[in-house]
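Undergrad: Prediction below, plus the sequence it came from.
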Amino acid sequence: MKMNIEGFIDPKFEPIRQTYEDNFDNGLDIGSSLAITCEGDTVVDIWGGHRDIAQTLPWEENTIVNVFSSTKNMTSLCAFLLADKGELDFFAPVSRYWPEFATNNKSEILISHVMSHSAGLSGWQE
């Protein structure tokens, strides 16, 4: 079954539509949206599929979702740029850059532990 993709794609970016549709056709996704800007202009703003596992509720233009890990790519890029400039050492303790972090037995946690999510820190207290 061909997925109904709605929204806008600038003709120069039309190949993105097929790649997006392939995610549904290959069972990699049941619903999503994608927006891309290029030099300040929206060139892709599409959505399709369903927002529930039973596939009874369509994905809509303004479907609200939880977004996890949305900053990982930018954080990693910034960290690598700092490391490239010699301003960040992945094998240094976090407390070298943020002294207060060392409280509560965290003095041995390295930047690499935080970057790889292996520091043993919980994201939620409750």
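TA: It's in.

Undergrad: Going by C-alpha atoms from here, please, whenever you check contacts or count neighbours.
TA: OK.

Undergrad: show me what contacts the closest residue in space to residue 47 that isn't next to it in sequence?
TA: Nearest residue to residue 47 in three dimensions, chain neighbours excluded: residue 33, at 4.0 Å (C-alpha to C-alpha, 6 or more residues apart in numbering). With contact set as C-alpha atoms under 8 Å, 6 or more residues apart in numbering, residue 33 has these partners: 45-48, 61.

Undergrad: next one: residue 8
TA: By C-alpha under 8 Å, 6+ apart, the residues touching residue 8 are 43-46.

Undergrad: Try it again at 10 Å.
TA: Contact analysis of residue 8 by C-alpha atoms under 10 Å, 6 or more residues apart in numbering lists 14, 17, 35, 42-47.

Undergrad: Kindly report the same for residue 7.
TA: 33-35, 44-48, 60-61.

Undergrad: so which helix or strand takes in it?
TA: Assessed by DSSP states H and E, residue 7 sits inside strand 5-9.

Undergrad: Give me the contacts around the following helix or strand past that strand.
TA: With elements assigned by DSSP H and E, the helix or strand that comes after strand 5-9 is helix 15-25. If you take C-alpha under 10 Å, 6+ apart as the criterion, helix 15-25 is touched by 1-6, 8-10, 28-34, 44, 46-49.

Undergrad: Is it possible to mark the buried ones in those residues?
TA: 3, 5-6, 9, 30-33, 44, 46-49 (16 or more other C-alpha atoms under 10 Å).

Undergrad: how big is the angle separating the strand holding residue 7 from helix 15-25?
TA: Orientation check (axes from the mean of the first three to the mean of the last three C-alpha atoms, to 10 degrees): strand 5-9 against helix 15-25 gives 160 degrees.
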